[in-house]
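What follows is a protein structure lacking sequence information:
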Ligand SMILES: [Zn+2]
């Protein structure tokens, strides 16, 4: 159960496929929808990235 602060409506959250950096101390990731390469490299440290599912606010 999510707790909502009633002051503001939050956008719905959806499971989103992202590319996540494989470097442990790097938090780089990007939405798969916004990525055009088949196997992108991390924009921060240039490491390989792996697909991962995150729950993120929906973008309309
Ligand atoms: Zn990285």
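Perfect, thanks for sending it. For clarity, every value in this text was computed on a predicted model and none was experimentally measured.

Now do the residue lying closest to residue 14 once chain neighbours are set aside, the pLDDT please.
If the residues on either side of it in the chain are set aside, residue 14 comes closest to residue 58, at 4.8 Å by C-beta to C-beta, 6 or more residues apart in numbering. Using the backbone N, CA and C atoms, a C-beta is placed for each residue, glycine as well. On the pLDDT scale, residue 58 is placed at 91.

correct me, but residue 58 touches residue 31?
No: taking C-beta atoms under 8 Å as the definition, residue 58 is not a contact partner of residue 31, at 11.2 Å.

Of the two, which one has the most company?
residue 31 (13 against 9; other C-beta atoms under 10 Å).

Quick one: mean pLDDT over stretch 29-49.
Per-residue scores along stretch 29-49 average to 95.

mind starting the numbering at 57 from now?
Sure, I'll start counting at 57 from here, so that last one is stretch 85-105.

Mind listing what's buried along that stretch?
85, 98, 105 (16 or more other C-beta atoms under 10 Å).

Now do the same contact list for the second one.
This points to residue 98. Each residue near residue 98 by C-beta atoms under 8 Å, 6 or more residues apart in numbering is listed here: 77-79, 82, 84, 104-105.

how does it look with 6 Å?
77, 84, 105 (C-beta atoms under 6 Å, 6 or more residues apart in numbering).

Show me which residues of the chain are close to the ion?
For the chain, the residues in contact with the ion (C-beta under 5 Å from the ion) are 77, 79, 82, 84, 98, 100-101, 103.

can you put these in a markdown table and add secondary structure?
Output for the residues of the chain next to the ion, formatted as a markdown table (DSSP: H, G, I helix; E, B strand; the rest coil):
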| residue | secondary structure |
| --- | --- |
| 77 | strand |
| 79 | coil |
| 82 | coil |
| 84 | coil |
| 98 | coil |
| 100 | coil |
| 101 | coil |
| 103 | coil |
